[in-house]
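Asker: Got a predicted structure plus its sequence, pasted below:
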Amino acid sequence: MSSTPLQPSRRPRCLLMAALLGVCLSAVAAPKTGKLPSSAVAVTPVAEPASVQRLLIRYRTGIKMGAAASADGATERAQAAAQVMRSAGLAGESRMHYLKSVSPSMHVATLEQAVSAAEARAMMQRLQADPAVLDVMIDQRAKPHFVPNDPYFTGRDQWHLQPSSVIPGGLNVNDAWDRSTGSGVVIAILDGGYVTHADLLPNVLPGYDFVSADPPGSTPTLAGQPFWTANDGNDRDSFALDPGDWVTQAEVTAGFCDEATPESTWHGSHVAGLAGAAGNNSQSGLGVAFGARILPVRVLGRCGGYVSDILAGARWAVGLDVLGVPRNPTPARILNLSLGLPGTCSSTIQSVIDEVRSQDVSIVASAGNDGNTLISVPANCRGVFAVTAHTREGDSADYANVGSGVRISAAGGGLNTLLLEQPGSPRGIVSTGNAGLTVPTSDADLLLSGTSMAAPQVAGVLALLAAVRPDLSMSTLESFVVGSARAFPAGGYCATNPQALPSGFCGSGLLDADAAMATALGIAPSGGGGCTAAPNGQADLSLLLLALAAAGLMVWRRRQVR
Ligand SMILES: [Ca+2]
Ligand SMILES: [Ca+2]
Ligand SMILES: [Ca+2]
């Protein structure tokens with residue numbers, strides 16, 4: 001067991017600047033690449049109602065609306081009712097009544113009791129026996145094509161959530177939100193805790209703080225400061241708030257940590273917000289599963305956190321007992337670990353992963369930001385859903401680790417490995433944070449990039465699926481997410497590096513929430529929108545890169561094992 005502190009997978013932050021993003025970049029149609037794997041579970045298509053109680057009848061001739069019509073239209077309604085009852089009589093249907101009208105020639109009939117779709121179809125055929133009837137349809141419910149009103153979403157600052165037709169690296173989640181917001185699902189965020197951001201608090205459950213005291217005398221300088229890592233003045237406790245994780249150069253010099261972080265990152269809050277910040281509340285942005293609950297499990301303090309605290313936190317998160325800690329009353333179905341350390345997955349760590357997974361839980365972990373082909377612990381543990389990161393253009397982010405065991409890529413922001421960056425800002429990912437440079441002060445939304453930002457979007461999509469398919473195991477839902485990924489863009493690292501294909505170093509493709517939802521519900525995906533995924537000029541660049549690769553001239557930027 002390593003005693004090396006685990007580090008959050010993160011990049012330097014900056015405060016969000018208002019930025020207008022580009023819209024559709026070309027009029028060339030691009031095929032939708034989301035696909036239904038053969039493992040898709042067939043369920044009743046949503047387009048076919050389970051029961052029918054209302055029919056919409058269109059007649060060849062309408063009721064005359066005379067100038068002398070009564071003010072409340074009682075005469076006309078009586079005529080319409082008589083027309084409907086005549087049709088019902090011809091159809092031999094005694095349980096049918098007139099409800100109301102759409103137009104003088106179109107009326108709604110209602111049944112005393114709901115019937116099956118098959119019965120309704122037979123009834124509709126009988127109604128056609130009335131020569132006055134032009135056609136009949138089932139009067140179904142339409143659902144709103146929900147678009148949240150959160151300004152960072154509507155303004156496309158949260159580019160990572162946009163349709164792939166607008167942002168090639170976007171999550172494509174609008175249709176999935178028509179089906180699910182993750183309601184009833186708990187996502188544990190094993191990270192640095194949370195801040196009291198107004199867009200985070202509505203969805204945050206009481207969590208727990210597992211950052212334990214520093215070992216007495218572990219270094220001479222730490223001897224007098226047992227809670228330097230925890231930074232909240234005590235050992236494990238029930239307050240998972242993030243007190244800040246800044247590390248000064250003086251503390252590095254004194255041997256407290258190997259790396260200075262002069263400003264607190266608010267990493268845990270950013271990650272939590274990406275998975276489940278409050279949505280459709282006209283405020284800030286929103287999380288992928290904005291109807292889910294976030295369970296903050298604080299396992300990182302200053303200079304990261306110890307494997308032992310992370311493993312204890314993971315066990316607690318799913319409802320397993322940890323000595324000295326009250327049992328978690330709200331066990332999580334999904335764990336997100338946007339953190340890691342180099343090396344192989346030890347048997348000690350693997351044993352806890354196996355124990356947690358046995359609770360039918362998904363463990364999502366970021367692959368790391370070293371820009372190499374070795375993915376971190378715990379992402380490389382068996383049964384952990386490892387996530388690499390891509391950019392706005394859908395190319396592998398230059399910092400993102402790829403490698404054997406990666407399941408999928410999600411948006412993490414930053415710079416491309418191979419493709420040219422297209423105009424539009426920001427390149428980082430917007431989520432909840434704090435304005436404080438060291439200790440928390442006021443709410444702020446921050447831009448961060450990294451595989452840390454990619455993983456919670458996978459956790460969010462899994463929560464969307466778990467909410468609508470509680471009958472399926474998390475492993476099955478994971479396979480839907482993997483199987484419904486979009487293809488990596490031509491010319492990008494993952495589409496051209498031979499090691500990346502098929503389903504190799506980069507996983508199966510770009511995370512696609514709508515396609516994953518369609519798979520989970522057994523329905524056809526509705527597509528990513530009306531304009532192209534390929535910006536102008538990118539095709540030419542792709543051809544050039546492919547030609548270079550074919551000629552063996554391609555130098556893979558920052559991708560060699562080191
Ligand atoms: Ca504490
Ligand atoms: Ca605490
Ligand atoms: Ca919001």
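Answerer: Great, that's in hand. Bear in mind the structure is a predicted one, so any value in this text is a computation, not a measurement. Ligands and ions are numbered 1, 2, ... in the order given.

Asker: Quick check: neighbours of the longest strand belonging to the chain in the sheet, parallel or antiparallel?
Answerer: Counting residues, the longest strand in the chain under DSSP state E turns out to be strand 106-116. Applying DSSP bridges, strand 106-116 is found paired with strand 51-59 (antiparallel), strand 96-103 (antiparallel).

Asker: and the gap between Val299 and ligand 2?
Answerer: Between Val299 and ligand 2 the computed distance is 11 Å (Cβ to the ion, to the nearest Å). To be clear about C-beta, it is placed using only N, CA and C from the backbone, and glycine gets the same treatment.

Asker: can you check Ser284 too?
Answerer: Taking Cβ to the ion, one finds Ser284 at 25 Å from ligand 2.

Asker: That residue looks like it's in a helix, true?
Answerer: No: read with DSSP: H, G, I helix; E, B strand; the rest coil, Ser284 is coil and lies in no helix.

Asker: Tell me who's in contact with the closest residue to it other than its chain neighbours.
Answerer: Counting by Cβ to Cβ, 6 or more residues apart in numbering, the nearest residue to Ser284 once its immediate chain neighbours are dropped is Asp199, at 4.1 Å. Applying Cβ atoms under 8 Å, 6 or more residues apart in numbering, we find Asp199 in contact with Asp150, Gly273, Ala277, Ala278, Asn281, Gln283, Ser284, Gly285, Leu286, Thr432, Asp443.

Asker: Now for the residue of the stretch 101-250 of the chain found nearest ligand 2, how many residues are close by?
Answerer: Nearest residue of the stretch 101-250 of the chain to ligand 2, counting by Cβ to the ion: Asp209, 3.5 Å away. For Asp209, the neighbour count with other Cβ atoms under 10 Å is 26.

Asker: Beta-bridge partners for it, please?
Answerer: Bridge pairing for Asp209 - DSSP bridges - gives Asp237, Arg298.

Asker: was I right about Met474 contacting Leu462?
Answerer: Yes: with contact taken as Cβ atoms under 8 Å, Met474 and Leu462 are classed as touching, separated by 6.9 Å.

Asker: So which of the contacts of Asp199 reach ligand 3?
Answerer: Among those, the ones lying near ligand 3 by Cβ under 5 Å from the ion are Asp150, Ala278, Asn281, Gln283, Ser284, Leu286.

Asker: Format the residues you listed as a markdown table; extra columns: pLDDT, neighbour count and distance to Ser484.
Answerer: A markdown table is the format used below for those (pLDDT from 0 to 100; neighbours: other Cβ atoms under 10 Å; distance: Cβ to Cβ, whole Å):
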| residue | pLDDT | neighbour count | distance to Ser484 |
| --- | --- | --- | --- |
| Asp150 | 94 | 24 | 25 |
| Ala278 | 98 | 25 | 27 |
| Asn281 | 96 | 15 | 29 |
| Gln283 | 96 | 18 | 31 |
| Ser284 | 96 | 26 | 29 |
| Leu286 | 98 | 30 | 22 |
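
Asker: could those residues go into JSON lines alongside distance to ligand 1?
Answerer: Formatted as JSON lines, those follow (distance: Cβ to the ion, whole Å):
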{"residue": "Asp150", "distance to ligand 1": "32"}
{"residue": "Ala278", "distance to ligand 1": "26"}
{"residue": "Asn281", "distance to ligand 1": "31"}
{"residue": "Gln283", "distance to ligand 1": "30"}
{"residue": "Ser284", "distance to ligand 1": "28"}
{"residue": "Leu286", "distance to ligand 1": "30"}
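
Asker: Which of those residues sits closest to Pro262?
Answerer: Ser284 (25.5 Å; Cβ to Cβ).

Asker: Tell me the spacing between that closest one and Val439.
Answerer: 21 Å (Cβ to Cβ, to the nearest Å).

Asker: OK, contacts around His97?
Answerer: Taking Cβ under 8 Å, 6+ apart as the test, what His97 contacts is Ala81, Val84, Met85, Ala88, Ala109, Thr110, Leu111, Glu112.

Asker: low pLDDT regions in the stretch 1-150 of the chain?
Answerer: For the stretch 1-150 of the chain, the stretches flagged by pLDDT under 70 are 1-48, 66-72, 142-145.

Asker: What ranges does the stretch 51-200 of the chain have for its helices?
Answerer: 74-90, 117-127, 151-154, 174-179 (DSSP state H, counting those that start in this stretch).

Asker: ok, His390 touching Ala397?
Answerer: Yes: the criterion here is Cβ under 8 Å, and His390 meets it with Ala397 at 5.9 Å.

Asker: So in the chain, where's the weakest helix or strand by average pLDDT?
Answerer: helix 538-550 (a mean of 30; mean pLDDT, DSSP states H and E).

Asker: Quick one: check stretch 318-336 for contact with ligand 1.
Answerer: No: judged by Cβ under 5 Å from the ion, stretch 318-336 and ligand 1 are separated, with a smallest distance of 11.8 Å.

Asker: Work out the gap between that stretch and the centre of the chain.
Answerer: 23 Å (Cα atoms, centre = their mean, to the nearest Å).

Asker: how about it: buried residues?
Answerer: By neighbour count on 16 or more other Cβ atoms under 10 Å, the buried set for stretch 318-336 is Val318, Leu320, Val322, Val325, Asn328, Pro331, Ala332, Arg333, Ile334, Leu335, Asn336.

Asker: which residues in the stretch 251-400 of the chain form strands?
Answerer: 293-298, 334-337, 339-340, 362-366, 385-390 (DSSP state E, counting those that start in this stretch).

Asker: Turn the ones you listed into TSV, including mean pLDDT and distance to Gly403.
Answerer: Formatted as TSV, these follow (pLDDT from 0 to 100; distance: least, Cβ to Cβ, whole Å):
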stretch	mean pLDDT	distance to Gly403
strand 293-298	98	26
strand 334-337	98	17
strand 339-340	94	12
strand 362-366	98	12
strand 385-390	98	8
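
Asker: So which of those strands is nearest Leu420?
Answerer: Using Cβ to Cβ, the strands of the stretch 251-400 of the chain put strand 385-390 closest to Leu420, at 14.6 Å.

Asker: sorry, back to before: in terms of neighbours, single out the busier of His390 and Ala397.
Answerer: Set His390 next to Ala397 and count neighbours by other Cβ under 10 Å: His390 wins out with 34 against 31.
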